[in-house]
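Undergrad: Okay, predicted coordinates and the sequence, questions at the end:
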Amino acid sequence: MIGRFSEMTPDGLQALQPGVTVFLFPIGGLEQHGPHLPLGVKVLQAEVYARTLAEELQKRLPLWNYVLMPVIPLTVDGITNHQVFPVRAHVVRDAVVDQCEHLKRLGFTRFLAVNSHLSPKQITALEDAARIVSGRSWWIGKKSQLVSVTGALVDAKTVFESPLIALPPEHGGEKDASFMLAYALTRFQSIFWPYPRFHARKPRWAGFFAIYPMKSMAIGGRLRARMPTMREWI
């Protein structure tokens, strides 16, 4: 069974068997992705990632319950410094930890953090949350576990080139636009319009934290968005 926490009744929550129930926490921040995409692209991506993961898990473990928590619209840092709304790292960490702790008091012990904002600080905050939640709970006598699943999408080469800040090759480009085409067709503006290409504004000190020189990051431009490609990638 796949259900949304916000749509469940108290009796429905109580009826879930803790031993075969997993709670998924979608996490993604608010940030500009060019003039053609909404500020909440990462929020929408986190929701789709979590739902898709639940569907894949259900194929392998059909007797389990998968509960989709409401999206946590928080990020520690942004890809650019223009129209980004970051919070401090402990805010992201505590938002996840506090919800897990309340669920642990109800007997639930399995949690997944599904993060769409793959920056080093964001991933570190969620790994810290996982260490806290995964400790043994003396009041229920059971081992709980929180896993930050999307951290595995960042390979070793990416970490080596930029260990402290995120420096993707594009932002609001082909991948983000393809996502909006595939999953949120009505939520963007004139996606195929040939917006002029411009460079994302980054902090001046950003270059000091990357091994290699910073590459220009595409925002806008002629987008080669394709729905089948994005669905396969998801």
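TA: Looks like it came in fine. Keep in mind that what you see is a predicted model, and the values were worked out from it rather than measured.

Undergrad: which strands and helices sit next to the longest helix anywhere in the chain?
TA: For the chain, the longest helix by residue count, based on DSSP state H, is helix 41-60. Judged by 3 or more C-beta pairs under 8 Å, 6 or more residues apart in numbering; DSSP states H and E, helix 41-60 is in contact with strand 2-4, strand 21-27, strand 65-68, strand 110-115, helix 174-183. In this view, the C-beta of every residue, glycine as well, is placed from N, C-alpha and C.

Undergrad: Pipe these into CSV and attach distance to D77, mean pLDDT and mean neighbour count per row.
TA: Below are the helices and strands packed on helix 41-60 laid out as CSV (distance: least, C-beta to C-beta, whole Å; pLDDT from 0 to 100; neighbours: other C-beta atoms under 10 Å):
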stretch, distance to D77, mean pLDDT, mean neighbour count
strand 2-4, 29, 97, 14
strand 21-27, 14, 98, 24
strand 65-68, 26, 98, 22
strand 110-115, 13, 96, 26
helix 174-183, 17, 79, 22
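
Undergrad: Could I get the full set of helices for the protein?
TA: In the chain, the helices defined using DSSP H lie at 10-15, 41-60, 89-105, 120-133, 156-161, 174-183, 227-233.

Undergrad: need those in a markdown table with distance to M1, can you?
TA: A markdown table is the format used below for these (distance: least, C-beta to C-beta, whole Å):
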| stretch | distance to M1 |
| --- | --- |
| helix 10-15 | 10 |
| helix 41-60 | 8 |
| helix 89-105 | 17 |
| helix 120-133 | 23 |
| helix 156-161 | 36 |
| helix 174-183 | 22 |
| helix 227-233 | 24 |
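
Undergrad: Relative to G29, which of those helices is closest?
TA: Relative to G29, the nearest member of those by C-beta to C-beta is helix 41-60, separated by 5.5 Å.

Undergrad: in the closest one, what's buried?
TA: 41-51, 53-54, 57 (16 or more other C-beta atoms under 10 Å).

Undergrad: picking up where we left off before, out of the helices of the chain, the one nearest G3 is which?
TA: That would be helix 10-15 among these, by C-beta to C-beta, at 7.6 Å.

Undergrad: Now that closest one: buried residues?
TA: For helix 10-15, the buried set under the neighbour-count rule, 16+ other C-beta under 10 Å, is empty.

Undergrad: Send over stretch 172-186 as CSV, restricted to the C-alpha atoms.
TA: Presented in CSV, the C-alpha positions along stretch 172-186 are these (Å, rounded to 0.1, in the frame of the first residue of the first chain):
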residue,chain,number,x,y,z
GLY,A,172,17.4,25.0,-15.1
GLY,A,173,18.6,23.4,-18.3
GLU,A,174,17.8,20.1,-20.1
LYS,A,175,17.3,17.9,-17.1
ASP,A,176,15.1,20.3,-15.1
ALA,A,177,13.1,21.3,-18.1
SER,A,178,12.6,17.6,-19.1
PHE,A,179,11.4,16.9,-15.6
MET,A,180,8.8,19.6,-15.8
LEU,A,181,7.6,18.4,-19.2
ALA,A,182,7.2,14.8,-17.8
TYR,A,183,5.7,15.4,-14.5
ALA,A,184,4.3,19.0,-14.1
LEU,A,185,3.3,20.1,-17.6
THR,A,186,1.0,22.9,-16.5
